[in-house]
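# after the sequence you'll find the predicted model.
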Amino acid sequence: MAGALELLTFQASPAYLKDRSIFNGIFKEVLSALGCKGLYFGQQLEDEKTGYLLIVWETYEHHKALIDSAGYGQIVAQLKTGIDETAPVPFELIHIPLDTDPTAALEAEVTEVAIFTPKADKVETVIPELRNLEQELNKVKGSRPPSTLNEVREKPGNWGFIVGWDSVEAHTSAVQVPAIKAIIDKVLGSKDATATMGHVALSKFVSS
């Protein structure tokens, strides 16, 4: 079975922005769950109110077992203390299948978190281009391969893309490389797909 990357994107509450350690108890519990291989968290560099929690699971079924456990309701209740529930979209939880170990990208100085959504009639042309983009980004100066690109489990037709970078500037420079720029222009410039993207300097949670 393939691994899974859990991605929780949330709008941070004032309590969380004031004291990010309020999640430590939850993090310890999740990290101790069977099949949890690593937990990373941080705030989007473009908008610190957008928080990210990325958890590496041995398989999706391992996370599902935690979700189905008796104590999961308490985990959710604790998570809500750090989420601004007045926001239009307080949080979104998805899973991205893993074909490779995402550690290098998650432990890079900066991690790019992107979701690509091809038009329904353009999937067959867009996805090969995204695969080409992944290969080019894995080779470019300043990236931290391997990256992760796979269809979101909960949202068919949406593709999660996780890329590690030395810095935001390294990413900015990379997209000007002719081979990379040509792919991006072809996919996004033609409006064959849309994309949302943010950068985050993730911290790895280590249970004391």
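Now that the structure is in, tell me what you want to look at.
# tell me which stretches of this protein form strands.
Under the criterion DSSP state E, strands of the chain are mapped to 3-11, 36-43, 50-57, 91-98, 110-118, 148-151, 159-165, 193-200, 203-204.
# mind putting those into CSV with mean pLDDT?
Output for the strands of the chain, formatted as CSV (pLDDT from 0 to 100):
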stretch, mean pLDDT
strand 3-11, 98
strand 36-43, 98
strand 50-57, 98
strand 91-98, 98
strand 110-118, 98
strand 148-151, 98
strand 159-165, 98
strand 193-200, 97
strand 203-204, 98
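# which residues does Val140 contact?
By C-beta atoms under 8 Å, 6 or more residues apart in numbering, Val140 lies in contact with Ala174, Val177, Ile180. C-beta coordinates here come from the backbone N, C-alpha and C atoms, glycine included.
# recalculate using a threshold of 6 Å.
Contacts here follow C-beta atoms under 6 Å, 6 or more residues apart in numbering; on that basis Val140 touches Ala174, Val177.
# against Ile162, how distant is it?
Going from Val140 to Ile162 by C-beta to C-beta, to the nearest Å gives 16 Å.
# before we move on, back to that, mean neighbour count and distance to Ile22 added to the strands of the chain, as TSV?
As requested, the strands of the chain are exported to TSV (neighbours: other C-beta atoms under 10 Å; distance: least, C-beta to C-beta, whole Å):
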stretch	mean neighbour count	distance to Ile22
strand 3-11	21	13
strand 36-43	20	12
strand 50-57	22	12
strand 91-98	18	15
strand 110-118	21	22
strand 148-151	19	28
strand 159-165	23	26
strand 193-200	17	19
strand 203-204	13	15
